[in-house]
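[1] Sequence and predicted model, in that order:
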Amino acid sequence: MSQALIEARDLHIEFGGVKAADGVDLSVHESDHLAIIGPNGAGKTTFLNICTGYLRPKSGTVRFDGTEITGRSPRWITRRGIARAFQIPQLFLEHTVIENMLIGAAARDRVRSLWRPLSASTARDEMMELLELMGVADVAAQVVTALPEGQRKLIDIALALALKPRVLLMDEPTSGVSSQEKFQVMDTLLRVLAHQQVTAVFVEHDMEMVERYAERVAVWDAGRIRIEGTPAEVLADAGVQRDVIGL
Amino acid sequence: MRGGRFLLLGVVALIALMPLFAPWSKTFLVLAIAKGLAVLGIVVLLRAGQVSFGHALFFAASAYVAAFAARLLGGGELLTLLVIGALGSGVLGLLVGLFVVRYRYIFFGMLNLAFSMVFYAVLEKFYHYTGGSDGLILSRPSVLGIGLERLPFEYTLFYVALATAAVLGWLVHRYLNSAPGRALAAIKTNETRLEYLGISARGTLLVAYVISAMLAGVGGTLAAVMQGLVTPEYAYWVRSGEFVFIAILGGAGHVLGAFAGALVYEGVRMYLAVLAADMWQLLLGVVLLVIVLFASEGLVGLWHRISGRFAPAGREAS
Amino acid sequence: MDLIIFTLAVLDGLAYASQVFMVAVGMTLIFGVMRILNIAHGGFYAIGAYLSAGIGLAIASAGLSPWLHLPALVIGAAMAGGVLGLVIERFVLRYIYVKEEVLQLLVTFAIFMILEDVQRLVFGVQPYAASSLVDAMGTINVLGIPYNAYQVLLLPGVAVLTLVGLRWFLHHTLLGHLITATAEDREAATAMGVNANRVFLLTFTIGTVLAALGGAFAAPTTAVQLGMGADMIVLSFAVVVTAGLGQVEGAAVTAVLIGLGRSFAIYLMPELDVLMPYFIMMLVLLVRPNGLFGTVQTRKI
Amino acid sequence: MMGTSNPLRPLGRAFLAGVCALGIGTAGAADKPEQIDIGISAFLSGPASVFGEPARAAAEIMAERINANGGIHGVPVNLSFIDEGAGSAHLLSEYRRLVQSEDYDVMFASISSGNCLKVAPLAEDLEVINLMWDCGTQRVFEEGDYNYVFRTQANATPEMLASVLYLLKTHPDFETIAVVNQDYAWGRDSWNIFRTALQTLKPDVEVVAEFFPKFGTPDFSTEITRLLAMRPDVVLSTSWGGDLDNFVRQAKQRGLDERSTLVLPLAESSLERLGEDMPTGAIVGARGDHYYAHPGYADDEKFNEFVSSFREKTGNVPIYSAFHMVQAFDALQAAYDRAIEANGGEWPDTEALADAFEGLSFRGATSEITIRPADHQGLEDQMLGTAKQVEGKDIAELCDITVFPAEAITTPAGEDSTEWLKGLSADLLDTDVTTYPGCH
């Protein structure tokens, strides 16, 4: 087994008495495609929030590539190579799509010039290419507010990828995308991830997606990792079928 | 766009020539430009969705810095005073900024207000140093080493102010379109995402804050030199409110709107005070209400609406 | 500082705090529910004061008992505040709720400017004073120092009554529940069938009445004059922000802090008197960025 | 530099005009204008409008009267008011507009000391005659030298010095004093002058407390508590308007006037408003010798006519700012008389008119005033009295009125007030004064 890229040890956190993480150990390995599944409110998103510094665990540690990142700010963590896409797209609504992307590129390249226009960014072609890959290049010049949720979702992921991260954390990447398109989107996404050599973690409730795209699955239930393994192993587990998938 | 540019040039030329036909208008125009610069500072922060209700702080601070500098330098030099004033307000902007950029919206606005009121109170209280409410006299500085009489000095000051406004307006325009400038606007819509891109929202806002403080500072120095006197009134909260008012009047978020707003505001205010000395405040209030209720995109928006030649205001403004 | 001086300073501070609270509480309420920082509050305060002084003078010149001033000022302020609040909410504010925060603020700024001139046109430039009620209540001696009973007994009493009454109204009546629900989550409340427009109308009117009452109760102790509203606004802002947005109890605590801060400053370092409210505000915000009783609002991601 | 050729043109014109003026002499004749335009700055909004509005009424009375009599040597006057309450920036630009664009002939400015300090150099720059009709600050003429600026009344130094003298005459044995002044230039400066004079004339007096509450403070109760606890013999306040009303009323409610003597150098302007709340025994000053019931002018036709027409117009008794306005008009009329006489009947130009103001003597509604030629400072007598509540009257009377002659109490021309005050001798207390025993 390869060296763990993200390694969470004994995470504890609770909200108003509800334990969202109660001694979680979870590792993400280089080039992994890890899906986290579990019942609603089980704390899946909490894991992403802790890994990206949005929440600070009550106890426990998270290491990224050997460095402890527990309790660091999202900004600090992002700069070290963990990017995140959101369940509800988080975009700059009053900017155009390409501007969103260029801000991402400028952040990555640490552009601080107060003089050079963003629109003249050298990263423009690269960003257009990324939008192209995600299938949203045709709306590049539009203001985000004008776009439907599905497209925003794709741009949200593209924006995270603009940072050229080592790990991409996604929260239900295809929710809001029409069911005809979601496979197409995931196919593209995986291609991009492979191309950029990005490790991926995604929280998912669509078992079809998990089955098709995850390499490993962790089941998060009542604040604990109930079972971890390949999709086939995990989805075959009777308990998981009963409690998580609801068969 | 080309038509707009010609129109802009025409208006600037008209303003540049105005004092030749109406000599008294120099004072008026210099003050309008000075306020316009402070308003430009407000406009910069409005990009991030933040409203400073205390920007008169920087307007006043630079005016006092210039007055003290002039005293130390024995009269001083106009351009030196402008630079010193801007630096002074810039340093103060950095200090205050380090504190206020941690807050947003109402807290941001009110903390700015609090700082300006503390400064106002200090100016009034420590009157052995600041001259109290009488303020400090700022004698006419030389220009490039030449001591000028009132009339040539006023013309010089006017054209210096006009040129300063043009240059700074252009610089701000560039800044707002640069990467940090666009990131600033992103604070307004999604600060969280900004942090998730590895950009410090506070840092971005701090840069903007210092820039905006310096803009207000240049305005304050110009006003002080024009008036020959600085008083704590420069820092009073009503003046800060006025800046915000003008920013909205001109069209929030627009560089040209700041100056257009300042010109119109000063003009309206002056004529109201002359024509209706008893109720100019009331009429000004009504004007403000009408603008907010019926033309909240301000003069710039109004112009777009009338001319109908430009893209929708949202895009044009950027 | 000996114990006598300390006691006197506390007494002065509490008397002042009650006045500050009376002015700031309405602004806090309006802010909490409507998210509008109401600059016009200062105007309502001044109008309440003018009205109260006018009533007081009328009572005095009619030769009636000065005690009549007390119920008369309450009724007068309630009516004036009520009418102003209803009219301004219904015909101006209602149209700006969809607009940006700064525009809402400017509208109240405009109303304030208009009210300033209205006061001047209606009441003229001469200060008014109607202190017969204070004279009638007499003084009480504390450690050999005569204090106005009005200031050390009546005003704090009224302030406490207002606080208790408002708490009871907000937490134990249906209308109060509607208001607090709207304050907490406007969308959810609307979804549950609360008529937000009506809640706003009610809240704004209550806030306006409170402002007018604050002015009305201040009037007997002071000369009612032009410009009295402008200073009160900034002070009220400081209270609202220090307290935490919309925190009525917080406003009371802050008012006491400011009152004590001011009186101790006057006793020990008179030069710092004006700066106290801002120092307190900055100190509080440095430690608690959302105010004394404010809660952290985070973005859902 | 952009457009330098154009701005120089008016400069050249000014230069030519200067040469011409030199050729004719410094004072000369001009064509008789159609009217004399007078720009007057006064507070018409804000708290200080308690002075501005009565002054405006007085100005209107004076203008009506002048025009009803055929104007000044046949030329009617026309008034325009600038609201100082709109801020000093507004005052300055409006002042410039009136002078530069509307060719106003004479300016009366202003009330606020800060504005006076700004307006004086501006008037000098614009070469327009400016009468400082109500300025209190002594700094203007002590720190600057002007050709076109004149003061038609006294300044803070004689006003405060007279208050000190009156206090020492009436309460020779007091030991401690406290001050409660408004926290702005007037409050600070007037206290400095008062204290300097007091410590020179009575060095053993101890200053026990200095309070400078914010301008417009509605509530003085904490300060009053302190004063009640400290029991100073004398409490001074040079406040005015609503602030003074507040302080006096709140002090009286809590019996401060029974423990300490109140010295209120500006209280003449609050007498009517305070009514029964003015404590008996308080020392009241009037910034000059103005008092609507001045015993020295009980039978004076001019005085009585002004007081009654003022009461008729406004319903109130005239206060010192109204009297000051009268003085400005009377000075202007007298200066035109003098200049026209000196010009052999020809209408004077600005220079000639300015010359006429130097050393001009004129009478307002009360005593005669002389404008010192050396520094353009007006010499105005100062009156003080002690308030007394009289049964059946709703306004306090002034008793033991004393009028101090201007010459004795005004800083000599060219001297600094503070230095001069420090050199005072106790002989000053023996200066001949006019006294009016009893109450009026």
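    Good, I have the coordinates. All of these numbers come straight from a predicted model, not from anything done at the bench.

[2] burial of the closest residue to chain C within chain A, as a residue count?
    Across chain A, no residue is closer to chain C than A:F86, which sits at 5.6 Å (CB to the nearest CB). The way it works is simple: take the backbone N, C-alpha and C, and place the C-beta from them, glycine included. Under the neighbour criterion other CB atoms under 10 Å in any protein chain shown, A:F86 is assigned a count of 26.

[3] Is chain C within reach of stretch B:294-310?
    Yes - using CB under 8 Å from any CB of the partner chain, stretch B:294-310 comes into contact with chain C via B:S296.

[4] Next up, the contacts around the closest residue to D:V119 other than its chain neighbours.
    Distances taken as CB to CB, 6 or more residues apart in numbering or on different chains place D:A109 nearest to D:V119, at 4.5 Å, with adjacent residues excluded. For D:A109, the contact set (CB atoms under 8 Å, 6 or more residues apart in numbering or on different chains) comprises D:39-41, D:82, D:91, D:95, D:115-116, D:119, D:123, D:130-133.

[5] Surely the residue of chain A closest to chain C is within a strand?
    No - going by DSSP: H, G, I helix; E, B strand; the rest coil, the assignment for A:F86 is coil, not a strand.

[6] number of nearby residues for the residue nearest to A:H33 when sequence neighbours are not counted?
    Excluding the flanking residues, the one nearest A:H33 by CB to CB, 6+ apart is A:E215, at 4.3 Å. For A:E215, the count of nearby residues is 13 (other CB under 10 Å).

[7] just checking, A:E215 touches A:D32?
    Yes - assessed by CB atoms under 8 Å, A:E215 is found in contact with A:D32 at 6.2 Å.

[8] just checking, what packs against the helix or strand containing C:A181?
    In this assignment (DSSP states H and E), C:A181 forms part of helix C:174-184. Counting contacts by 3 or more CB pairs under 8 Å, 6 or more residues apart in numbering or on different chains; DSSP states H and E, helix C:174-184 is packed against helix C:3-34, helix C:155-172, helix C:186-191, helix C:196-218.

[9] Export those as JSON lines, with columns for mean neighbour count, mean pLDDT and distance to chain A.
    Converted to JSON lines, those look like this (neighbours: other CB atoms under 10 Å in any protein chain shown; pLDDT from 0 to 100; distance: least, CB to the nearest CB, whole Å):
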{"stretch": "helix C:3-34", "mean neighbour count": "24", "mean pLDDT": "89", "distance to chain A": "23"}
{"stretch": "helix C:155-172", "mean neighbour count": "16", "mean pLDDT": "93", "distance to chain A": "21"}
{"stretch": "helix C:186-191", "mean neighbour count": "14", "mean pLDDT": "82", "distance to chain A": "15"}
{"stretch": "helix C:196-218", "mean neighbour count": "25", "mean pLDDT": "92", "distance to chain A": "24"}
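
[10] Can you get me a residue count around C:V74?
    C:V74: 17 neighbours (other CB under 10 Å).

[11] got a list of what it touches?
    Applying CB under 8 Å, 6+ apart, we find C:V74 in contact with C:L213, C:A216.

[12] possible to save the helices and strands packed on helix C:174-184 as CSV with distance to chain B?
    Converted to CSV, the helices and strands packed on helix C:174-184 look like this (distance: least, CB to the nearest CB, whole Å):
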stretch, distance to chain B
helix C:3-34, 8
helix C:155-172, 21
helix C:186-191, 16
helix C:196-218, 16
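
[13] Any chance of those in TSV with distance to B:R102 as columns?
    Output for those, formatted as TSV (distance: least, CB to CB, whole Å):
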stretch	distance to B:R102
helix C:3-34	20
helix C:155-172	31
helix C:186-191	26
helix C:196-218	29
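
[14] just checking, what's the longest helix in the chain?
    Just going to use chain A. Longest helix in chain A by number of residues (criterion: DSSP state H): helix A:179-196.

[15] my bad, the chain I had in mind was chain D
    From DSSP H, the single longest helix across chain D is helix D:320-342.

[16] Now stretch D:404-420 - C-alpha only, CSV.
    The C-alpha trace of stretch D:404-420 is given here as CSV (Å, rounded to 0.1, in the frame of the first residue of the first chain):
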residue,chain,number,x,y,z
PHE,D,404,-16.4,98.8,32.3
PRO,D,405,-14.9,101.3,29.8
ALA,D,406,-13.4,99.7,26.8
GLU,D,407,-10.0,101.5,26.8
ALA,D,408,-9.1,100.2,30.3
ILE,D,409,-9.8,96.5,29.6
THR,D,410,-8.9,96.0,25.9
THR,D,411,-5.4,94.7,25.0
PRO,D,412,-3.4,97.6,23.5
ALA,D,413,-2.9,97.3,19.8
GLY,D,414,0.1,95.2,18.8
GLU,D,415,0.2,93.3,22.1
ASP,D,416,-0.5,89.7,22.8
SER,D,417,-3.5,89.3,25.1
THR,D,418,-1.9,86.6,27.3
GLU,D,419,1.2,88.6,27.8
TRP,D,420,-0.7,91.8,28.5
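
[17] how far away is B:T164 from B:A247?
    19 Å (CB to CB, to the nearest Å).

[18] okay, those two: which has more neighbours?
    The residue with more neighbours, out of B:T164 and B:A247, is B:A247; 32 against 20, by other CB under 10 Å.

[19] who touches the more buried one in this structure?
    Taking CB under 8 Å, 6+ apart as the test, what B:A247 contacts is B:V39, B:I42, B:V43, B:L46, B:G257, B:A258, B:G261.

[20] Among these, which ones lie close to chain A?
    Counting by CB under 8 Å from any CB, no member of the contacts of B:A247 is near chain A.

[21] Of all pairs in these, which one spans the longest distance?
    The span of those, defined through CB to CB, is set by B:L46 and B:G261 at 12.1 Å.

[22] More neighbours: those two, which one.
    Counted by other CB under 10 Å, B:L46 and B:G261 do not tie: B:G261 has more neighbours, with 30 against 24.

[23] ok, and the closest non-adjacent residue to the more buried one?
    B:G250 (2.5 Å).

[24] what pLDDT does that neighbour get?
    According to the prediction, B:G250 has pLDDT 85.

[25] In contact with it, which residues are there?
    B:39, B:43, B:256-262, B:264, B:298-300.

[26] got a winner among those residues for most neighbours?
    Each of the contacts of B:G250 was scored for neighbours by other CB under 10 Å, and B:A258 scores highest at 34 neighbours.

[27] Figure out the helix or strand that it lives in.
    helix B:255-275.

[28] just checking, what packs against that helix?
    By 3+ CB pairs under 8 Å, 6+ apart, helix B:255-275 packs against helix B:25-47, helix B:150-177, helix B:237-250, helix B:280-294, helix B:298-307, helix D:88-96.

[29] how far is the fourth one from where the chain is centred?
    The reference is to helix B:280-294. Centroid separation for helix B:280-294 versus its chain: 21 Å, with CA atoms, centre = their mean, to the nearest Å.

[30] the inter-axis angle of it versus helix D:88-96?
    With axes from the mean of the first three to the mean of the last three CA atoms, to 10 degrees as the basis, helix B:280-294 and helix D:88-96 are set at 110 degrees to each other.

[31] Help me confirm that D:S309 comes into contact with D:I61.
    Yes - counting by CB under 8 Å, D:S309 does reach D:I61; the two are 5.4 Å apart.

[32] Of these two, which one has the most company?
    D:I61 (22 against 17).

[33] Any residues of the stretch 51-200 of chain C in contact with chain D? List them.
    The stretch 51-200 of chain C comes close to chain D at residues C:117, C:120, C:124-127, C:129, C:131, C:134-135, C:139, C:144-148, C:151, as judged by CB under 8 Å from any CB.

[34] Please pick the buried ones from those residues.
    Buried by 16 or more other CB atoms under 10 Å in any protein chain shown: C:117, C:120, C:125-127, C:129, C:131, C:134-135, C:139, C:145-148, C:151, out of these.
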